[in-house]
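Asker: here is my input, please return the structure:
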Amino acid sequence: MSALDSIKEHRNLFVLAVAAALAVLVAVVVFTGPAPRQPQPGGGTLAVSKRIKIDIPPEPARPVKEPEKKVEPEKTVKAPAYRPAPAKEPAVTPKRKVAGKLASRAPAAKKPGAGATPAEGKGRYAVNLASFLYKPEAMDVMSSLKAAGHNAYVTEFVKDGQRWYRVRVGFFASRDEAAKAGKRLSEEFRLPGAWVVKPSESERKAHGG
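Answerer: This next block holds a predicted model:
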């Protein structure tokens, strides 16, 4: 039963109770007649009324309807948009030092014999063009010199516990011829710091001197 139906039912009971009480009151008045009058001094009469007590039931208390609670919808929290991290620039590897100086690449290879020095061949002198800490770099320069027609080779030596790789071109009959050839090769292959050396007999035999 709903609250509204309950209220209607109590109201109907109250109305019925009031109607019953009024009916009883009317019946009492009808059957008892008017109240007798008592004589008063001086010839008058006093009407005596009868009081009838009728208990009327109190009106039933109406149920109190509790206010409905509003349910707030859950708030949706948007996740921050994904942003990819910026790509890191590749690290630049510094140039390796060649015997205390920066190494430079040799020029493009030439046809064998095109740039060979006429004095190269049998002799006691050679030109030390460059020294490297890493053998692959020395072998690369040697290959470029050989491709250009020069008698180039690589030797090794140890200094202060560090192994070095020298690129040399030989051999020349005089120191002056070796110096001229070294200057020309340094400019052509961009290898500064060339100097004339007098290799040992075993080195000359090993490399065609």
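Asker: same for the host helix or strand of Glu187, what does it pack against?
Answerer: Element membership for Glu187 (DSSP states H and E) is helix 175-189. Contact here means 3 or more CB pairs under 8 Å, 6 or more residues apart in numbering; DSSP states H and E; on that basis helix 175-189 packs against strand 125-132, helix 135-147, strand 162-172, strand 195-197. Where C-beta positions appear, they are placed from N, C-alpha and C, glycine not excepted.
Asker: just name the most buried of these.
Answerer: Comparing these by mean neighbour count (mean count of other CB atoms under 10 Å), strand 125-132 ranks first with a mean of 24.
Asker: mind listing the helices for the chain?
Answerer: Remark: helices assigned in the chain by DSSP state H are 3-32, 135-147, 175-189, 201-206.
Asker: among these, which is nearest Arg163?
Answerer: With CB to CB, the closest approach to Arg163 among the helices of the chain belongs to helix 135-147: 8.6 Å.
Asker: gap between Asn151 and Ala206?
Answerer: Note on Asn151: its distance to Ala206, by CB to CB, to the nearest Å, is 12 Å.
Asker: same deal with Val169?
Answerer: From Val169 to Ala206 the distance is 15 Å (CB to CB).
Asker: next: Arg175.
Answerer: Per CB to CB, Arg175 is found 21 Å from Ala206.
Asker: show the contacting residues for Gln206.
Answerer: You called it Gln, but residue 206 is Ala. Residues counted as contacts of Ala206 (CB atoms under 8 Å, 6 or more residues apart in numbering) are Tyr153.
Asker: okay, now the unreliable bits of the protein?
Answerer: Within the chain, the ranges that satisfy pLDDT under 70 run 1-4, 29, 32-121.
Asker: rerun at 50
Answerer: Within the chain, the stretches with pLDDT under 50 are 46, 48, 89-116, 118.
Asker: in the helix holding Glu187, what's buried?
Answerer: 177-182, 185-186, 189 (16 or more other CB atoms under 10 Å).
Asker: switch the helices of the chain over to TSV; also include distance to Lys122.
Answerer: Below are the helices of the chain laid out as TSV (distance: least, CB to CB, whole Å):
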stretch	distance to Lys122
helix 3-32	127
helix 135-147	18
helix 175-189	12
helix 201-206	9
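Asker: closest to Tyr125 out of the ones you listed?
Answerer: helix 175-189 (4.0 Å).
Asker: then that closest one to PDB, C-alphas only?
Answerer: Extracted in PDB, the C-alpha atoms of helix 175-189 (Å, rounded to 0.1, in the frame of the first residue of the first chain):
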ATOM      1  CA  ARG A 175     116.600  11.600 -49.200                       C
ATOM      2  CA  ASP A 176     115.900  14.600 -51.400                       C
ATOM      3  CA  GLU A 177     113.800  12.400 -53.800                       C
ATOM      4  CA  ALA A 178     111.900  11.000 -50.800                       C
ATOM      5  CA  ALA A 179     111.200  14.500 -49.400                       C
ATOM      6  CA  LYS A 180     109.800  15.800 -52.800                       C
ATOM      7  CA  ALA A 181     107.600  12.700 -53.100                       C
ATOM      8  CA  GLY A 182     106.400  13.100 -49.500                       C
ATOM      9  CA  LYS A 183     105.400  16.700 -50.100                       C
ATOM     10  CA  ARG A 184     103.500  15.800 -53.200                       C
ATOM     11  CA  LEU A 185     101.700  12.900 -51.700                       C
ATOM     12  CA  SER A 186     100.800  14.900 -48.600                       C
ATOM     13  CA  GLU A 187      99.000  17.500 -50.700                       C
ATOM     14  CA  GLU A 188      97.400  15.000 -53.000                       C
ATOM     15  CA  PHE A 189      96.000  12.700 -50.200                       C
END
